[in-house]
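Undergrad: requesting a structural model of the entry that follows:
(one chain, ligands or ions: 1)
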Amino acid sequence: MKNTHTYNTMVKFNIGGCSSFVKDADYKAYVEKALSALDVLENETGAGNDFLGWKHLPTTTPESLIADCEQIRDSWKAKGVDLVVVIGIGGSYLGAKCAIEALSHTFASSLKGDKTAPQIVFAGNNLSEEYISELMDLMQQRNCAAVVISKSGTTTEPAIAFRLIKQYIEQTYGAKEASERIVAVTDAHKGALKSLSTQEGYKTFVIEDNVGGRFSVLTPVGILPIVLAGFDIRAMLKGAAEMEEICAKKCECNPAVQYAAMRNLLYNNGKTVEILVSFSPKLQYLGEWWKQLFGESEGKDGKGIFPASCIFTTDLHSMGQYIQEGERMLMETVVTVENSNRSMTIANDPQNLDGLNFLTGKHVEECNAMAELGTKLAHIDGGVPQLQVSIERINEYNLGGLFYFFEKACGISGYILGVNPFNQPGVEAYKKNMFALLGKPGYEAQAAALKERLAE
Ligand code: PA5
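TA: As a prediction, the model looks like this:
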């Protein structure tokens, strides 16, 4: 099975690895469903249509926003800032974390030599006392600034981290200087973070009402940390803009339509778990970002593909057995990186005690590519359909394209599934219990009911 109508774009989608699992006619039927869902998304007539601001971010982001981010980058550089703590959780951190991890030198923080950009670390994405205490140890050794990101401005995890980090920065640098070392990204009008930022005089960036957290990587939520980390946000937006145009096409040639169609067909055929796989460890957080995007968008009303992620070949030595021979409810979407940004060949060893001389002169990446091909064939033989998303190499332009491709496919896919892809009502349940158990005013009745349950 081949995608018969495909553009040669920066993000290529291939369904060849599904041909032994689905019938051509069934795929065509799902493409029709995907095209109808695309219509709903384009005409903004579906559930959650007040959260579609992400669709045109690549082509509408003003140059002034990027210039504002660069101005902060330059002013912090002038102060000698070498550590920026980015505080946020879920959609308010995963996109930036993904981009920065993918684009950075793997060992950037340990490499000696002059650094052109500050180290970016993340906080407020957990409630671990050890994590925040150890972060403070690092902050004490460094020249710090912080970006606090929360659309609602009320999320507990980043709020607690921000309280601690704000106090540390104020005590260390003084209140006035602290107000120049803290930037907030939040709602234009409401929320505790907005009021606090106004009172303290922080530079503030706005997350528009019509963009949900998991679709916000191309707003200041992602743009500011990516600029501070020294990467080319214009190239990222350019890549996303190219995919904005292609993923709006009302034809089978649209790769977002193809991906949404195939994964829903496979789901209908009992493949209830999708693993996003990459053979590049730099894309580990692409998997984390993608899991939030699809998990929060589709996992509702008792439905939805469960999104999982693996880095191969690493996880072939842990999850490989299950994927090859365990319960057959899996499909894999492999994000292929066609070319490495580095070059290293395997040298000859006259003794050849390890028996590896047959690899002499080959690039390490060629071994990786053959591992990818071999795994694909083995997993197909084991009953795991393969979907493939390819980019030429890891860079800002291609990552921007990948972000947009997955966002658009997610919207289409959610509508095929018959859910509102743009809400997340289920996220509230744990928060209510946590607030009740922590004694938050207003939660007394729930606290009493929970304590009774826990005593049983
Ligand atoms: O996608 C979402 O809406 C969520 O994951 C949010 O991004 C996350 O809960 C953080 O919310 P906030 O930015 O309001 O602090």
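Undergrad: ok, now which ones touch residue 204?
TA: 183-186, 194, 197-198 (C-beta atoms under 8 Å, 6 or more residues apart in numbering). C-betas here are computed from N, CA, C, even on glycine.
Undergrad: those, buried ones only, as a ChimeraX selection?
TA: The buried residues among these can be selected in ChimeraX (16 or more other C-beta atoms under 10 Å) with this line:
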select :183,184,185,186,194,197
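Undergrad: domain ranges for the chain?
TA: 12-47+242-417, 55-236 (automatic domain parsing).
Undergrad: dump the contacts of residue 204 to TSV, plus secondary structure and pLDDT.
TA: Formatted as TSV, the contacts of residue 204 follow (DSSP: H, G, I helix; E, B strand; the rest coil; pLDDT from 0 to 100):
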residue	secondary structure	pLDDT
183	strand	98
184	strand	98
185	strand	98
186	strand	96
194	helix	95
197	helix	96
198	helix	96
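Undergrad: could you dump the contacts of residue 204 into JSON lines with distance to residue 42 added?
TA: Rendered in JSON lines, the data for the contacts of residue 204 read as follows (distance: C-beta to C-beta, whole Å):
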{"residue": "183", "distance to residue 42": "35"}
{"residue": "184", "distance to residue 42": "33"}
{"residue": "185", "distance to residue 42": "28"}
{"residue": "186", "distance to residue 42": "30"}
{"residue": "194", "distance to residue 42": "32"}
{"residue": "197", "distance to residue 42": "36"}
{"residue": "198", "distance to residue 42": "37"}
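Undergrad: need the residues of the stretch 301-450 of the chain near the ligand, please.
TA: Residues of the stretch 301-450 of the chain lying near the ligand by C-beta under 6 Å from any ligand atom: residue 424.
Undergrad: where does the prediction get shaky in the stretch 301-450 of the chain?
TA: Within the stretch 301-450 of the chain, no stretch has pLDDT under 70.
Undergrad: where does it get nearest to the ligand, residue-wise?
TA: Distances between the stretch 301-450 of the chain and the ligand by C-beta to the nearest ligand atom are smallest at residue 424, namely 5.4 Å.
Undergrad: excluding chain neighbours, give the residue nearest to that residue in space.
TA: Leaving aside its chain neighbours, residue 424 sits nearest to residue 296 (4.8 Å; criterion: C-beta to C-beta, 6 or more residues apart in numbering).
Undergrad: that neighbour sits in which helix or strand?
TA: If you go by DSSP states H and E, residue 296 is part of helix 284-298.
Undergrad: residue 261 too?
TA: Residue 261 is located in helix 255-268, with elements delineated by DSSP H and E.
Undergrad: would you tell me which of the domains of the chain gets closest to residue 437?
TA: Among the domains of the chain, domain 55-236 comes nearest to residue 437, with 12.0 Å by C-beta to C-beta.
Undergrad: picking that back up, also near the ligand: which of the contacts of residue 204, exactly?
TA: Applying C-beta under 6 Å from any ligand atom to the contacts of residue 204, one finds that nothing falls near the ligand.
Undergrad: for the ligand, what are the nearby residues on the stretch 151-300 of the chain?
TA: 151-152, 155, 158, 212-214, 296.
Undergrad: ok, those residues vs the ligand, which is closest?
TA: The closest of those to the ligand turns out to be residue 213 (C-beta to the nearest ligand atom; 2.2 Å).
Undergrad: and that closest one, what pLDDT?
TA: Predicted confidence (pLDDT) for residue 213: 95.
Undergrad: in space, what's closest to it - neighbours in sequence excluded?
TA: Using C-beta to C-beta, 6+ apart, the nearest residue to residue 213 is residue 91, at 2.5 Å.
Undergrad: which parts of the longest helix belonging to the chain are buried?
TA: For the chain, the longest helix by residue count, based on DSSP state H, is helix 396-417. Buried positions in helix 396-417, judged by neighbour count with 16+ other C-beta under 10 Å: 396-417.
Undergrad: packing partners for the helix holding residue 296?
TA: When contacts are defined as 3 or more C-beta pairs under 8 Å, 6 or more residues apart in numbering; DSSP states H and E, helix 284-298 sits against helix 94-103, strand 273-278, strand 306-311, helix 396-417.
Undergrad: quick one: the first one to chain centroid distance?
TA: In this view, helix 94-103 has its centroid 7 Å away from the chain centroid, taken as C-alpha atoms, centre = their mean, to the nearest Å.
Undergrad: that one and the ligand in contact?
TA: No - using C-beta under 6 Å from any ligand atom, we find that helix 94-103 stays clear of the ligand, coming within 8.0 Å at best.
Undergrad: which is the next helix or strand following that helix?
TA: By DSSP H and E, the next helix or strand past helix 94-103 is strand 119-123.
Undergrad: what's that following strand in contact with?
TA: By C-beta under 8 Å, 6+ apart, strand 119-123 touches 82-88, 93, 96-97, 100, 108-109, 131-132, 135, 138, 142, 158, 161, 165, 225, 228-229.
Undergrad: again, only this time at 7 Å
TA: Strand 119-123 has contacts (C-beta atoms under 7 Å, 6 or more residues apart in numbering) with 82-87, 93, 97, 100, 109, 132, 135, 161, 165, 225, 228-229.
Undergrad: show me which of those residues are buried.
TA: Those of the contacts of strand 119-123 that meet the buried threshold are 82-87, 93, 97, 100, 132, 135, 161, 165, 225, 228-229, by 16+ other C-beta under 10 Å.
Undergrad: circling back: pick the one among the contacts of residue 204 closest to residue 445.
TA: Nearest to residue 445 out of the contacts of residue 204 is residue 194 (C-beta to C-beta; 29.5 Å).
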